[in-house]
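Enquirer: make a model of this:
(2 chains)
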Amino acid sequence: DVKVTQSSRYLVKRTGEKVFLECVQDMDHENMFWYRQDPGLGLRLIYFSYDVKMKEKGDIPEGYSVSREKKERFSLILESASTNQTSMYLCASRGGGQGTQYFGPGTRLLVL
Amino acid sequence: GENVEQHPSTLSVQEGDSAVIKCTYSDSASNYFPWYKQELGKGPQLIIDIRSNVGEKKDQRIAVTLNKTAKHFSLHITETQPEDSAVYFCAAKLQGAQKLVFGQGTRLTINP
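Expert: Just a heads-up that it's a prediction; the model follows:
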């Protein structure tokens, strides 16, 4: 059974805190993605990585950074959390070519 | 880049009736079109996908049709059941690209 896991289901942080969201996949996938999901806006791509130590900006990278030191792990970092980063964050992974993209269960982040 | 429009944003149907969700895409070079279902509190899950060399694909009560000339594709759910209630996302992927481009989502409600 394929698995994408995210470190937390719910997270509450204060404005200005540094926040780490972790994602792990067990499918040996090359590609990993971070999205945020907000009502009425669908799934918006923040960053993605197509290989270890490689990363590319998505549609809304401002205020975020990422790290991929190992193939199975992709971290999303909020350097200084702000209230407008309150959202649902979804991690996904996909193999090469036309492989299926699998999502994690999501992390609901509240920034106070 | 690719752009995907999805309609309607909300859809309510009686149990047992059919539901149709439509998406249009902008780039004729897209060749992979998956559909995801997101239940409350969960990450999106792939339910069906279609590639550009096929016009229609069916899996039990779910079917997807693709019209490459018009650049649109549709999800059809027949004999709807309460468990079909969820948010559905369409997506498109350009040939050779790593990322999926998602539609805005459709909230489907099945009324008993």
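
Enquirer: check whether stretch A:32-44 contacts chain B.
Expert: Yes. Judged by CB under 8 Å from any CB of the partner chain, stretch A:32-44 comes into contact with chain B through A:Phe33, A:Gly40, A:Leu41, A:Gly42, A:Leu43. (C-beta placed from N, C-alpha, C; glycine too.)

Enquirer: any of those buried? List them.
Expert: Of the members of those, the ones counted as buried by neighbours, 16 or more other CB atoms under 10 Å in any protein chain shown, are A:Phe33, A:Gly42, A:Leu43.

Enquirer: in strands only, show me those.
Expert: A:Phe33, A:Gly42, A:Leu43 (DSSP state E).

Enquirer: residue 92 pairs with what?
Expert: The chain I'm using is chain A. Judged by DSSP bridges, the bridge partners of A:Ala92 are A:Phe33, A:Phe103.

Enquirer: my question was about chain B
Expert: The partner residues for B:Ala92, given DSSP bridges, come to B:Val101.

Enquirer: my read: it touches B:Val4, true?
Expert: Yes. Counting by CB atoms under 8 Å, B:Ala92 does reach B:Val4; the two are 5.2 Å apart.

Enquirer: name the residue in the two with the higher neighbour count.
Expert: Higher neighbour count among B:Ala92 and B:Val4: B:Ala92, with 26 against 22, using other CB atoms under 10 Å in any protein chain shown.

Enquirer: and for the residue in chain A positioned nearest to chain B, the neighbour number?
Expert: At 3.5 Å from chain B, A:Phe103 is the closest residue in chain A, using CB to the nearest CB. Neighbour count for A:Phe103, taken as other CB under 10 Å: 23.

Enquirer: which one is residue 8 nearest to, not counting chain neighbours?
Expert: Defaulting to chain A. Nearest residue to A:Ser8 in three dimensions, chain neighbours excluded: A:Thr107, at 5.1 Å (CB to CB, 6 or more residues apart in numbering or on different chains).

Enquirer: chain B is the one I meant
Expert: Per CB to CB, 6+ apart, closest to B:Pro8 is B:Thr106, 6.1 Å.

Enquirer: what's the one you found sitting at in phi/psi?
Expert: Note on B:Thr106: backbone dihedrals following degrees, to the nearest 10 are phi -130, psi 120.

Enquirer: pretty sure it is touching B:Glu5, no?
Expert: No. Between B:Thr106 and B:Glu5 there is no contact under CB under 8 Å: 11.5 Å.

Enquirer: which one of these two has more residues nearby?
Expert: Neighbours were counted for B:Thr106 and for B:Glu5 using other CB under 10 Å; B:Thr106 has more, 22 against 13.

Enquirer: in contact with the most centrally placed residue in chain A, which residues?
Expert: The residue lying closest to the centre of chain A (CA atoms, centre = their mean) is A:Trp34, at 2.9 Å. Shown in contact with A:Trp34 (CB atoms under 8 Å, 6 or more residues apart in numbering or on different chains): A:21, A:23, A:45-48, A:58, A:64, A:66, A:74, A:76, A:89-91.

Enquirer: out of those, which is most surrounded?
Expert: A:Phe74 (29 neighbours).

Enquirer: tell me the SS of it?
Expert: Secondary structure state of A:Phe74, per DSSP: H, G, I helix; E, B strand; the rest coil, is strand.
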